[in-house]
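Q: give the three-dimensional model of this entry:
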Amino acid sequence: MRQKSLLDMRYVSVVVSLAAMAVVSTAWANPPAAASGGAAALGPSGAPVNLLIFSDFQCPFCASTAGPLRKLAELYPGKIRIVFRHSPLSIHPNAPLAHQAALAAADQGKFWEMHDLLFADQAHLDRASLVARAEKLGLDMSRFTADLDSGRWEPALSEDMAEAKALGVNATPTIFINGKTLVGGQTAASLSRIVNQALGSSVVVPDEVTPPAPGQLTPVTVNVGSAPVWGPDDAPVTIVAFSDFQCPFCARSVETLHQIRKAYPESVRIAFKNFPLSMHREALLAAQAGQAAAAQNKFWEMHDRLFASQHALKREDLPQIARAAGLDVQRFESDLDSGKFRNTVESDLTEGQSLGVDGTPVFFINGRRLAGASPFADFDRMIRDELSSPRRSLETAGKDKHTADPAFTLGPATAPVSIVWFSDLTSPLTPKAAEIMQALRKQYGDRLQLIFRNSPLTELRPRALQVHRAALAAGAAGRFWEMHDLIVQHPGAWDDDALAEYGAKSGASRDAVQAAVRGAAFDAQIEADLADARRRDIRGTPVFFVNGKRIDGIQSLSLFVSYIDAELATAAAEAK
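A: Model prediction:
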C-alpha cells in the first residue's frame with residue numbers, strides 16, 4: 001500500500017479482509033536474516049525466480065499478500081526465492097517500531113514467526129504488544145527489549161528504506177519478480193501468472209476462497225453529492241474517484257478516464273472526490289484549486305492541467321494553471337486564498353476514510369471498488385458487467401430478523417435495525433468482529449437485533465465444521481452465545497475434548513456437545529446457512545448486513561455506527 005495510498009493495485013479483485021489478517025504458516029521456517037538491510041529470505045539462493053517484496057507491517061494490503069506468498073512458496077518448491085525488505089510508510093505511525101521488532105526477532109532466528117504475528121493483529125503494534133509477541137515466541141527478552149529501546153536496528157531499517165527510495169518504491173507492497181514490478185495487494189493467482197511466465201510453467205492457481213476487501217466486489221453506497229461530475233445524471237453507471245492531484249498513479253489514470261468518457265459517453269458518469277495525501281505537500285492546496293475551478297464550471301479543464309503539472313503545484317504556480325484552464329484568475333485567486341473550499345476537501349477525505357479508502361487512486365464503480373492505476377480493460381469489464389447485469393438487491397437481507405431462530409439472535413425481533421452476521425468461528429478475524437458487535441449492542445441496546453449465521457470456511461480451516469457443530473449443540477440448549485464467546489476466547493484450542501469442556505462451561509451438556517462434534521445432527525442447519533451465503537455471493541468471513549446493506553470484513557466501529565444511525569433516522573421519519 002502506498003504512503004497513505006493503495007496505488008497501482010492491478011490485481012485487486014480478491015484481496016480481502018480475511019487474508020488481510022492471515023497468519024502465514026510457520027512451515028515457512030526461520031532462515032536467518034541476511035546481513036544487508038535486515039532482509040529475510042525463503043528459498044534457495046540459486047532459484048530461477050527471485051521475488052523481492054517491500055512491505056509495511058501496518059499496511060493491510062501487505063498483510064493480504066502474506067498468505068499468497070506462502071502459497072507461492074508451496075507451489076514452486078526450490079524454484080523461487082522470496083526476499084523481504086522493510087518499507088514502513090510515513091502514514092503508519094506504529095510501523096517503524098514493528099519493523100525493528102521483526103529485525104530484533106530475526107537476529108534471534110525468529111523473523112518469519114514474528115512476521116506472522118505482526119500481520120495477524122495489525123491493530124496492536126505498540127511496544128507492549130510487540131513485547132508480548134516476543135514472549136510468545138520464546139525470545140531472549142532482555143536482548144529483545146534492549147534492541148528495541150536502543151534503536152539498534154534503525155540503521156538496517158533505514159538501509160532498506162533508502163533502497164526502496166532508490167528503486168522508486170513509494171507504495172506497499174511493491175513486489176519485483178525477476179524484474180517485473182507489481183504494486184498493491186496480490187492473490188496467489190496473480191502472482192503465479194508472473195512466476196509461470198518466468199518458468200515456462202502452467203501451474204493453475206484459483207483465486208483464494210476469501211471474502212472481498214471492503215467494497216471491492218460488493219457494492220457500497222457512495223454519495224456523489226456536490227462533487228464535480230462529468231456525464232449524464234441518469235447514466236446507469238457512476239464512477240466515483242477518490243484522487244490526489246500530486247499522486248503520480250492518479251495522474252496515470254487520467255488517460256484511462258478519458259478512454260472511459262469516449263467509450264461510454266451516455267452510459268457512465270464520473271464524479272471526483274478529493275483525497276489529498278499527507279505526504280504530498282502541495283496536494284491539499286491543489287485540491288482546493290480544483291474546487292475553485294469547479295465554482296467557475298471549469299473543474300475538468302483544471303483537473304487535467306493540475307495532473308499535467310504535478311512538478312509545479314505550489315501557490316505561485318496555480319494562477320498560471322488556472323489561466324491555461326480558462327478561469328477568471330482574479331476570482332480564482334480570491335477564492336483559493338479565502339480557504340472557503342478547505343471544508344469541502346476535508347469532507348471528501350472523511351467520506352473516503354469511512355469507505356475504507358486510505359490511498360489513491362480508488363474508484364467506486366456503482367459502489368464496487370477498484371483501486372490503483374488500473375488499465376482501461378479492468379474498468380471496461382466492470383462497466384460492462386454493471387450494464388449487462390442488473391444490480392442484485394441486498395434489501396432482502398433486512399427481512400432476516402423476522403425468521404431468525406431466537407437461539408442465535410441477540411435483541412428483539414421488533415428492533416428497527418438488524419445485523420445479520422455471517423461468521424466462521426475459527427477465523428482469526430472473529431474475535432475482532434465479536435468485539436465490534438458487542439460494542440454496538442452496548443451502544444444501541446434493544447434498537448438493534450444481532451443475528452448469527454454459520455459460514456465455516458472448511459476449505460481453509462479443517463476444524464471449522466466441528467466447531468460450528470459444537471456451537472449449534474450449545475444453541476439447542478439455549479447457550480449459543482456463551483459457547484460462542486468461549487470458542488472465540490480460546491483460538492486454536494478446538495479439539496473434541498476442549499469443545500466438550502466449553503459446552504459444559506457454557507451451561508449446555510458436555511455429552512451433547514461431544515456427540516454433535518462427532519456426528520452430523522446439525523449439518524443441515526449449517527448447510528442451509530452456507531447456501532444462503534452462496535446466494536448472497538459471500539466468499540469469506542466476516543460479512544455483515546445492516547438492514548440489508550452489506551459490509552465486508554473488519555471495518556471501523558464508526559462505519560457500522562453511521563449505517564445504523566442512518567437506518568434509525570429513516571425508521572424515525574417513517575414513524576411520523
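Q: the residue of the chain most remote from its centre and residue 301, how far apart?
A: Here the chain reaches farthest from its C-alpha mean at residue 330, the gap being 43.4 Å by CA atoms, centre = their mean. The spacing between residue 330 and residue 301, counted by CB to CB, to the nearest Å, is 17 Å. Quick note: C-beta positions are derived from backbone N, CA and C, even for glycine.
Q: next one: residue 266
A: In terms of CB to CB, residue 266 sits 21 Å off from residue 301.
Q: more neighbours: these two, which one.
A: Counted by other CB atoms under 10 Å, residue 266 and residue 301 do not tie: residue 301 has more neighbours, with 17 against 10.
Q: ok so the more buried one is a helix residue?
A: Yes - the assignment for residue 301 is a helix, going by DSSP: H, G, I helix; E, B strand; the rest coil.
Q: the residue nearest to it when sequence neighbours are not counted: how many residues sit nearby?
A: Spatial nearest neighbour of residue 301, excluding adjacent residues (CB to CB, 6 or more residues apart in numbering): residue 325 at 4.1 Å. For residue 325, the neighbour count with other CB under 10 Å is 21.
Q: contact partners for residue 325?
A: Shown in contact with residue 325 (CB atoms under 8 Å, 6 or more residues apart in numbering): 293, 298, 301-302, 305.
Q: can you rerun that using 6 Å?
A: Each residue near residue 325 by CB atoms under 6 Å, 6 or more residues apart in numbering is listed here: 298, 301-302, 305.
Q: on that earlier part again, secondary structure element holding the residue farthest from the centre of the chain?
A: For residue 330, the enclosing helix or strand under DSSP states H and E is helix 329-338.
Q: and the next helix or strand past that helix?
A: Later in the chain than helix 329-338, the nearest helix or strand by DSSP H and E is helix 342-354.
Q: and the pLDDT for the residue nearest to residue 301?
A: If you check residue 325, the pLDDT there is 94.
Q: and what of the one 10 residues further on?
A: With respect to pLDDT, residue 335 scores 94.
Q: same question for residue 247.
A: The per-residue pLDDT reported for residue 247 equals 89.
Q: tell me how many other residues surround it.
A: When neighbours are defined as other CB under 10 Å, residue 247 has 29 of them.
Q: which residue ranges form the helices in the stretch 1-150 of the chain?
A: Secondary structure of the stretch 1-150 of the chain, counting by DSSP state H, counting those that start in this stretch: helices at 17-20, 60-75, 95-106, 111-120, 127-136, 141-150.
Q: buried stuff in the second one?
A: What that stands for is helix 60-75. 60-73, 75 (16 or more other CB atoms under 10 Å).
Q: packing partners for that helix?
A: helix 17-20, helix 188-199 (3 or more CB pairs under 6 Å, 6 or more residues apart in numbering; DSSP states H and E).
Q: point to the helix or strand of this protein where mean pLDDT is at its lowest.
A: Lowest mean confidence among the helices and strands of the chain (mean pLDDT, DSSP states H and E): helix 17-20, at a mean of 28.
Q: how about the helices of the stretch 1-150 of the chain in TSV, adding distance to residue 566?
A: Formatted as TSV, those follow (distance: least, CB to CB, whole Å):
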stretch	distance to residue 566
helix 17-20	22
helix 60-75	25
helix 95-106	34
helix 111-120	33
helix 127-136	34
helix 141-150	44
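Q: of these, which is nearest residue 560?
A: Residue 560 lies closest, by CB to CB, to one member of those: helix 17-20, at 13.9 Å.
Q: could you dump the helices and strands packed on helix 60-75 to JSON lines with distance to residue 488 and mean neighbour count?
A: Converted to JSON lines, those look like this (distance: least, CB to CB, whole Å; neighbours: other CB atoms under 10 Å):
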{"stretch": "helix 17-20", "distance to residue 488": "15", "mean neighbour count": "28"}
{"stretch": "helix 188-199", "distance to residue 488": "28", "mean neighbour count": "19"}
